[in-house]
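J.: from the sequence below, what's the structure:
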Amino acid sequence: MGRVIAVANQKGGVAKTTTAITVAAGLVDSGLKVLVIDLDAQACATFSLGIDPEDLPAETTDFLLGDADSDRRDRELRSAMRMTDDAVTLLPATLALAAADVALADRPGRERILDQALQGLRTEFDFVIIDCSPSLGLTTINALVAADEVIVPFKCETLSHRGLGQLMETIDQVKRWSNPGLRIAGIVPTLFDGRTAHAKAVLADIGPRYGVRVFEPIPRSIRFAEAPAAGRTILATAPNSAGARAYRRLAQELAAG
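T.: Residues are numbered from 1 along each chain as shown. You can find the predicted model right below:
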């Protein structure tokens, strides 16, 4: 059975999408079959992997938003998948996801729709990586209920630190009520500038405070901003950069369990 990993943080600007797609590409480089699910209406993962969300058909997100039986949902999901130039399979997002929290609110079992949709895919992929929206709404709850693990991209600064506690509480609630097997794989410090005392102090605090694993920091680099213009990850556009090497090591650690 493939492992489902949610990449979650309700704080924007923490390199969540970059982490999701680059980890996925790193896992593919290790010979694994990987599906990325873009659950953010901004469709940054979709665009960053070379697919223009405006060119996608309206029914792309029907597997989540449509009111269908399981067989039809499975067909809708599979028809929406795209293969990217990084050899990552993508389930893309469109602007229609902006209405997801409202559309799902009155649905029976609304927090388990994604989990049910993924049941037929777990044996087909080694990893399913879910790029969550920057919120703690129903789409993110769906991702946490469907996931085996969560990785939390985290920018080492005070405002990000404040929001981390709220995310941890949400994960704990999902574990208690819907997904007792969910675990936090670890926190990924991103956009890290080791020259500043503030960043180093925040980094030193988060592991002991939350009792979770903290992965190697991902260094800040302009190479990450350049990669989406090519529709590729940094592993393709700047494979020898420090950021690419750090994400490869992160992918290898996740693959090792």
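
J.: quick one, helices of the stretch 1-150 of the chain?
T.: 16-29, 44-48, 62-65, 70-80, 100-104, 113-118, 138-146 (DSSP state H, counting those that start in this stretch).

J.: which other helices and strands does the first one contact?
T.: By that I understand helix 16-29. Here helix 16-29 touches strand 3-7, strand 34-38, helix 44-48, strand 127-131, strand 149-155, strand 183-190, helix 234-237, helix 242-256, going by 3 or more Cβ pairs under 8 Å, 6 or more residues apart in numbering; DSSP states H and E. For every residue, glycine as well, the C-beta is placed using N, CA and C.

J.: tell me which of the helices of the stretch 1-150 of the chain is the most buried.
T.: Sort these by mean neighbour count, taking mean count of other Cβ atoms under 10 Å, and helix 16-29 sits at the top with a mean of 27.

J.: ok now that one, how far from the chain's centre?
T.: 9 Å (Cα atoms, centre = their mean, to the nearest Å).

J.: can you show me the CA trace of that helix as CSV?
T.: Output of helix 16-29 as CSV, limited to C-alpha atoms (Å, rounded to 0.1, in the frame of the first residue of the first chain):
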residue,chain,number,x,y,z
LYS,A,16,4.6,24.4,1.1
THR,A,17,4.0,23.8,-2.6
THR,A,18,7.8,23.8,-3.3
THR,A,19,8.2,21.2,-0.6
ALA,A,20,5.4,19.0,-2.0
ILE,A,21,6.5,18.9,-5.6
THR,A,22,10.2,18.8,-4.9
VAL,A,23,9.9,15.9,-2.5
ALA,A,24,7.7,14.1,-5.0
ALA,A,25,10.4,14.6,-7.7
GLY,A,26,13.0,13.4,-5.4
LEU,A,27,11.1,10.2,-4.7
VAL,A,28,10.7,9.7,-8.4
ASP,A,29,14.4,10.1,-8.8
